[in-house]
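A predicted structure for the sequence below; I have some questions about it.
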Amino acid sequence: MTSTRQFSLEGRVALVTGSSKGLGKAMAMSLGEAGAKVALNYCHGKEKAEETFAEFQSKGYQGILVRGNAIDEAEVNAMVHQIAEALGPVDILIPNATPDQPQKPIEHYDWAFYQSMLDFFIKSPFLLARACLPHMKQQRWGRIINIGSEVFQEGVPNFTAYVAAKGGQNGFTRSLAKELARWEITVNMVSPGWIPVERHENDPQSLKDGYLADLPSQRWGVPKEVADTVTFLATNEASYVSGQNICVNGAHTVA
């Protein structure tokens, strides 16, 4: 399918981990609309993933559906190899896979939970970047777009494990951006605010109302607004944007 969008990703291959639903699904759709060949990834929930991929294909987008645990080194390497065989090497990497993130006082967490946050938000981006970088360096072009969260700027209480991991991911993004700049590889972070998706369906209405009342924009963001920001950062037009943490949250956090 030929893209009609202003920003084109024709000829590029993208991997979005955790893309069977939520923001990841929106990112995969946006990248596909821009003309990229997209590897949609899931670890659990095969039926939902296949449903999402069928929707992706019904729009005329090109790609594959790949299963792989984004925090397992062997599975990450196998997944990247599988994508290269089917679509070509990964040019655009978006580590998006995420676990549940319950809010608790620090006394109610244990180290195993902290470690799970570090695995998803530092280990996984590290493993994925390391697997994809040889090709990016060889062609002197690449995009790594980490998905952060406004909670790092907000310092949300009773959320220390998630906030700490996202802070570490932010530092990883900044350092890696400087390391890879001479290869024309950009590394950025997109940090959404609270964007209602499937995983928020059972959140207390009082919390939703309180958040909405605090938004300067006075409206909820939608997944496509996050996804289109990610897609822009993947294009040639964003070639001089690197090392940045871009909050997509209607001015909720202003530094």
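Yep, that arrived.

from here on, contacts and neighbour counts on C-alpha atoms
Fine.

by contact count, what packs against whichever strand or helix holds residue 133?
Under the criterion of DSSP states H and E, residue 133 resides in helix 124-139. Contact analysis of helix 124-139 by 3 or more C-alpha pairs under 8 Å, 6 or more residues apart in numbering; DSSP states H and E lists helix 73-86, strand 92-94, strand 142-147 as its packing neighbours.

Parallel or antiparallel, list what pairs with the last one.
The strands beside strand 142-147 in its sheet (DSSP bridges) come out as strand 92-94 (parallel), strand 185-192 (parallel).

After the last one, heading C-terminal, what element do we hit next?
Looking back up the chat, that one is strand 185-192. The C-terminal neighbour of strand 185-192 among helices and strands, as given by DSSP H and E, is helix 205-213.

do the same with the shortest one
Counting by DSSP H and E, the next helix or strand C-terminal to strand 92-94 is helix 111-118.

Report all helices and strands that that next one contacts.
The contact analysis (3+ C-alpha pairs under 8 Å, 6+ apart) places helix 111-118 against helix 160-180.

For residue 212, see how far away residue 162 is.
21 Å (C-alpha to C-alpha, to the nearest Å).

correction: residue 31
For residue 31, the distance to residue 212 - C-alpha to C-alpha - is 28 Å.

These two: who's more crowded?
When neighbours are counted by other C-alpha atoms under 10 Å, residue 31 and residue 212 differ, and residue 31 comes out ahead with 30 against 17.

In space, what's closest to the more buried one - neighbours in sequence excluded?
Once flanking residues are discounted, residue 31 sits nearest to residue 231: 5.8 Å by C-alpha to C-alpha, 6 or more residues apart in numbering.

Just to check, that neighbour is in contact with residue 29?
No: the pair residue 231 / residue 29 is not scored as a contact, 9.8 Å apart, by C-alpha atoms under 8 Å.

about what we covered before: tell me the predicted confidence for the residue nearest to residue 31.
pLDDT, residue 231: 98.

for residue 193, same thing?
At residue 193, the pLDDT recorded in the model is 89.

Report how many residues lie close to residue 194.
Neighbours of residue 194 using other C-alpha under 10 Å come to 19.

again, but for residue 195
Per other C-alpha under 10 Å, the neighbour tally for residue 195 reads 18.

where does the closest residue to it other than its chain neighbours fall, helix, sheet strand or coil?
The shortest distance from residue 195 to any non-neighbouring residue, by C-alpha to C-alpha, 6+ apart, is to residue 221 (5.5 Å). Using DSSP: H, G, I helix; E, B strand; the rest coil, the structure places residue 221 in coil.

any idea how far residue 249 is from residue 221?
Residue 221 is 7 Å from residue 249, by C-alpha to C-alpha.

where do the contact lists of the two overlap?
When contacts are counted by C-alpha atoms under 8 Å, 6 or more residues apart in numbering, the set common to residue 221 and residue 249 consists of 193, 194.

what residue ranges in the stretch 1-150 of the chain score low on pLDDT?
Where the stretch 1-150 of the chain drops to pLDDT under 70, the residues are 1-6.

If we use 90, what do you get?
Along the stretch 1-150 of the chain, segments meeting pLDDT under 90 span 1-7, 100-103, 150.

and the residue nearest to residue 166 when sequence neighbours are not counted, what does it touch?
Using C-alpha to C-alpha, 6+ apart and skipping the chain neighbours, the partner closest in space to residue 166 is residue 148 (5.9 Å). Residue 148 is in contact with 166, 169, 170, 189, 190, 191, 192, 245, counting by C-alpha under 8 Å, 6+ apart.

Any chance of TSV for the helices and strands packed on helix 124-139, columns distance to residue 254 and mean neighbour count?
Formatted as TSV, the helices and strands packed on helix 124-139 follow (distance: least, C-alpha to C-alpha, whole Å; neighbours: other C-alpha atoms under 10 Å):
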stretch	distance to residue 254	mean neighbour count
helix 73-86	36	16
strand 92-94	24	26
strand 142-147	18	27
